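>>> below are the sequence and a predicted model; questions follow.
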Amino acid sequence: MTAIYLMSMLFGLACGQAMSFCFPTEYMMRVERKECAYCLTINTTICAGYCMTRDINGKLFLPKYALSQDVCTYRDFMYKTVEIPGCPYHVTPYFSYPVAVSCKCGKCNTDYSDCIHEAIKTNYCTKPQKSYAVGFSL
C-alpha cells in the first residue's frame, strides 16, 4: 500500500510541474508622453499565468538567491516599435515594447522583465486615445 501511495505522489508531482499554466496572453497597453498630443493604445501579448512553486522549510539555512521562486516569464520575445502621434519635432515619437512569442516558468530576468510583486496602476490615458494601427519592428 505504501508503494502505491508513494508512486501516486510522485506522479502527481511530475504532472504538477508539467502542467503549469504559463502562456502568452493578450494585453492592452496605453502609452503616452507628456510632450505628445495623444495616448496610444497597443494590443500586445505578455506572459501570464501560474507556475508551480514549493516553499522550503529550511529558509534560515539557505542563501537568499536559493529562495527565489519561479514566475511566468518570457521564453521567446521580439520587440516592436510604434510611433506615438502628435509629437512635436524635437521629441522622438517612437516607443519600443516586447511582444511575448512563448513563455516559461523560471527565474525573473530584470534585463527585460519588470519583476515586481504588485503592478502599479498606470495603464490609463490622460490624453485623447489613438489605437495602434501600423507599426514596424526594428
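Perfect, thanks for sending it.

>>> please count neighbours and contacts with C-alpha atoms only from this point.
Will do.

>>> which parts of the protein are strands?
21-32, 39-50, 71-83, 94-106, 129-131 (DSSP state E).

>>> confidence-wise, which of these is weakest overall?
Out of the strands of the chain, strand 129-131 stands lowest, with a mean of 69 (criterion: mean pLDDT).

>>> could you dump the strands of the chain into JSON lines with mean neighbour count added?
Converted to JSON lines, the strands of the chain look like this (neighbours: other C-alpha atoms under 10 Å):
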{"stretch": "strand 21-32", "mean neighbour count": "17"}
{"stretch": "strand 39-50", "mean neighbour count": "19"}
{"stretch": "strand 71-83", "mean neighbour count": "17"}
{"stretch": "strand 94-106", "mean neighbour count": "18"}
{"stretch": "strand 129-131", "mean neighbour count": "15"}
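
>>> distance of C39 from V91?
According to C-alpha to C-alpha, to the nearest Å, C39 and V91 sit 15 Å apart.

>>> repeat for T44
Distance from T44 to V91, by C-alpha to C-alpha: 24 Å.

>>> with V82 instead?
In terms of C-alpha to C-alpha, V82 sits 14 Å off from V91.

>>> for I84, same thing?
Taking C-alpha to C-alpha, one finds I84 at 10 Å from V91.

>>> more crowded one of those two?
Higher neighbour count among I84 and V91: I84, with 22 against 11, using other C-alpha atoms under 10 Å.
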